[in-house]
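*Asks:* coords below, sequence missing:
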């Protein structure tokens, strides 16, 4: 295809250029250093955060870089009373939610209740400085609390050695912070992308189910319970200790749950009254505490939280455990919970930012979360991130900047300094009720149904996480779901789709003939679209698939008394190719050459063209005249050669 000379050769050039003289640029070549730098930049800096810095003076570049890593420098100079009045309302609202949630989630992790308040004081201040989201409210989260407890309890019992148990929580928070900060600094947020939305939905739903089951301990006023999280163990423990059930606690808990559910229903019916559902958990704590104090509930089957000492966070840096015996479990707990916390925090931040048409930087968020947890581990805090419930309340309250987190932190400070002992009489059943109602919202049945309708494989990924958490452990459920997601991605890479293209009537547009049944195939010519990078993983499959397409097309052509003359490969969707892929194209060329079928390449990208030229595939195998800008030009050239071949055959017969 391209053996014509003289006038014929000029005709070929005309067709290849589409009449405009443009040809595929086969001489474009980039130095290896430039190609490597470009590849790394696209991988780790897709947002190109420092674009335009090169033209600035050194001082301005340094200031710009500082503002990038400390986003507070962007909004603080322009901050005023007009924004503060909104942030003040938001901060007060989320503080009313942070107090009961902090105490509740600390109990979920088998930690002293005051640790939950500590974790709502220091981390929000750091997030206000380093965070990039105007909507995120920082605090502890139920899923991470339970995950940490399930991992650390396997090594140290909170009843037998509470001091070491607490120290391992601090240590795991430190490793979480180091891990998150490193991901942000080195732009490795792509690791979090392995947690697909389906995985997170299933994992959070399964975790919510387990947490609800575990709260039956507080709801029934029980004193003994299993440390395991799977459904069988939890149910077995509930019935094993049924002699500990207290009807007084259960009755009070049902009343609290109905009150909280009613406040949520009111919020749905009247969105302007969002603050009612926001302060409802705090009201439950206050009402429950007053009721328990008046009736001496602790003596009548309604256990209470117990003493909460006043004072701000004590320094805990000396309590971090780095000895070989326990550091392994702290690293494991820190990394697993850190990835989960990042996924939740970034997903929540992005979702709320999209509603306001704002942008957040995932890498900045990782640095902010990392700094929160590192400093938090030094100041008696355990893992914190951006929980959905608190952030949604912050958003609904009309927050404008991260200053709402500062207001919340100041409120928690006042509680720690003056009001903490008053929460001594908070019934455990009140905290259990708050957790149960919060967890109900995480079981997204509608999302499960939506996944089933849209993508059965995504539904399976979701269910693996959901059922894995419920019937085994949180780690097994999460790992199995991530593994299935990765397997799916590998299958897409190893078995990429190929499409036979036909032309839409009256146009030069080529589309998949299966999607567009009216698309007309080109006589004697097979047009295939390859829509995937060609690597060693999929090269063998693509070779067999291309040859099978050719074989099927040959049968179709013979049915019309014709022969297949040309194969056009549309490489517009092939972003890269390796040596094995180039070898595969060579093998296909040889196989088709034995059948007298020509090959033409259409619209190869820069990275693909570079490899094909350097390897000699274009020059020594297909020839430069077989590379075209468009499918139309490739078909025109093929038709021309076919006509020339037929005219020569006709002349020979004469």
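*Replies:* Good, I have the coordinates. Only a predicted model underlies this, so the values are computations on that prediction, with no experimental measurement involved.
*Asks:* tell me what whichever strand or helix holds residue 252 is packed against?
*Replies:* Here residue 252 is covered by helix 247-269, with elements defined by DSSP states H and E. On a contact count with 3 or more CB pairs under 8 Å, 6 or more residues apart in numbering; DSSP states H and E, helix 247-269 meets helix 216-219, helix 274-295, helix 428-440. In this view, the C-beta of every residue, glycine as well, is placed from N, C-alpha and C.
*Asks:* Dump those helices into CSV; add mean pLDDT, distance to residue 420 and mean neighbour count as well.
*Replies:* CSV is the format used below for these (pLDDT from 0 to 100; distance: least, CB to CB, whole Å; neighbours: other CB atoms under 10 Å):
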stretch, mean pLDDT, distance to residue 420, mean neighbour count
helix 216-219, 88, 20, 23
helix 274-295, 88, 12, 19
helix 428-440, 90, 15, 26
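*Asks:* Now distance to residue 549 too, for the ones you listed, in CSV please.
*Replies:* Formatted as CSV, those follow (distance: least, CB to CB, whole Å):
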stretch, distance to residue 549
helix 216-219, 60
helix 274-295, 58
helix 428-440, 52
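*Asks:* Residue 117 is nearest to which of these?
*Replies:* Residue 117 lies closest to helix 274-295 among those, at 12.1 Å (CB to CB).
*Asks:* phi, psi of residue 529?
*Replies:* When quoted as degrees, to the nearest 10, the phi and psi of residue 529 stand at phi -110, psi 130.
*Asks:* burial measure for it, as a count.
*Replies:* Residues within reach of residue 529, counting by other CB atoms under 10 Å, total 21.
*Asks:* isn't it right up against residue 496?
*Replies:* No - counting by CB atoms under 8 Å, residue 529 does not reach residue 496; the two are 10.6 Å apart.
*Asks:* by contact count, what packs against the strand or helix carrying residue 172?
*Replies:* For residue 172, the enclosing helix or strand under DSSP H and E is helix 162-185. The contact analysis (3+ CB pairs under 8 Å, 6+ apart) places helix 162-185 against helix 142-152, helix 324-355, helix 362-378.
*Asks:* Least reliable of the ones you listed by average pLDDT, please.
*Replies:* Among the helices and strands packed on helix 162-185, helix 324-355 carries the lowest mean pLDDT, at a mean of 89.
*Asks:* how distant is that one from the center of its chain?
*Replies:* The gap between the average C-alpha position of helix 324-355 and the chain average comes to 11 Å, counting by CA atoms, centre = their mean, to the nearest Å.
*Asks:* In that helix, which residues are buried?
*Replies:* By neighbour count on 16 or more other CB atoms under 10 Å, the buried set for helix 324-355 is 326, 329-350, 352-353.
*Asks:* can you give me the angle it makes with helix 362-378?
*Replies:* 140 degrees (axes from the mean of the first three to the mean of the last three CA atoms, to 10 degrees).
*Asks:* Report all helices and strands that helix 324-355 contacts.
*Replies:* helix 142-152, helix 162-185, helix 197-214, helix 362-378, helix 388-396, helix 474-494.
*Asks:* Between those helices, which one is closest to residue 72.
*Replies:* Of those, nearest to residue 72 by CB to CB is helix 362-378, at 10.1 Å.
*Asks:* Helix 162-185 and that closest one, what's the angle between them?
*Replies:* 160 degrees.
*Asks:* ok so, going back, of the helices and strands packed on helix 324-355, which approaches residue 23 most closely?
*Replies:* Closest among the helices and strands packed on helix 324-355, once you apply CB to CB, is helix 474-494, at 31.8 Å.
*Asks:* after the closest one comes which helix or strand?
*Replies:* Scanning onward from helix 474-494 (DSSP H and E), the first element met is strand 498-503.
*Asks:* What average pLDDT does that following strand get?
*Replies:* Mean predicted confidence for strand 498-503 is 93.
*Asks:* Run through the neighbouring helices and strands of it.
*Replies:* By 3+ CB pairs under 8 Å, 6+ apart, strand 498-503 packs against strand 510-512, strand 525-530, helix 536-559.
*Asks:* Okay, now the unreliable bits of this structure?
*Replies:* Counting by pLDDT under 70, the chain contains low-confidence ranges at 1-21, 28-30, 32, 34-55, 645-646, 648-654.
*Asks:* So the most centrally placed residue in the chain, which state does it fall into?
*Replies:* By CA atoms, centre = their mean, the mean C-alpha position of the chain lies nearest to residue 193, the distance being 4.0 Å. Secondary structure, DSSP: H, G, I helix; E, B strand; the rest coil: residue 193 is helix.
*Asks:* what's residue 138 in contact with, if anything?
*Replies:* When contacts are counted by CB atoms under 8 Å, 6 or more residues apart in numbering, residue 138 touches 120, 123-124, 127, 131, 372, 384-386, 390, 405.
*Asks:* Near residue 633, how many other residues are there?
*Replies:* 25.
*Asks:* measure it to residue 639 for me?
*Replies:* 11 Å (CB to CB, to the nearest Å).
*Asks:* TSV for the helices and strands packed on helix 324-355, including distance to residue 65?
*Replies:* TSV is the format used below for the helices and strands packed on helix 324-355 (distance: least, CB to CB, whole Å):
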stretch	distance to residue 65
helix 142-152	31
helix 162-185	12
helix 197-214	33
helix 362-378	12
helix 388-396	28
helix 474-494	34
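*Asks:* Among the ones you listed, which comes closest to residue 100?
*Replies:* helix 388-396 (11.1 Å).
*Asks:* Show residues contacting the closest one.
*Replies:* 90, 93-94, 97-98, 101, 135-139, 271, 274, 277-278, 344, 348-349, 352, 355, 404, 438, 441-442.
*Asks:* got the angle for the next helix-or-strand element following it vs helix 388-396?
*Replies:* Using DSSP H and E, the helix or strand that follows helix 388-396 in sequence is helix 403-414. Inter-element angle recorded for helix 403-414 and helix 388-396: 120 degrees (by the same axes, to 10 degrees).
*Asks:* Which elements pack onto helix 403-414?
*Replies:* Packed next to helix 403-414, using 3+ CB pairs under 8 Å, 6+ apart, are helix 81-108, helix 122-130.
*Asks:* Noted, bye for now.
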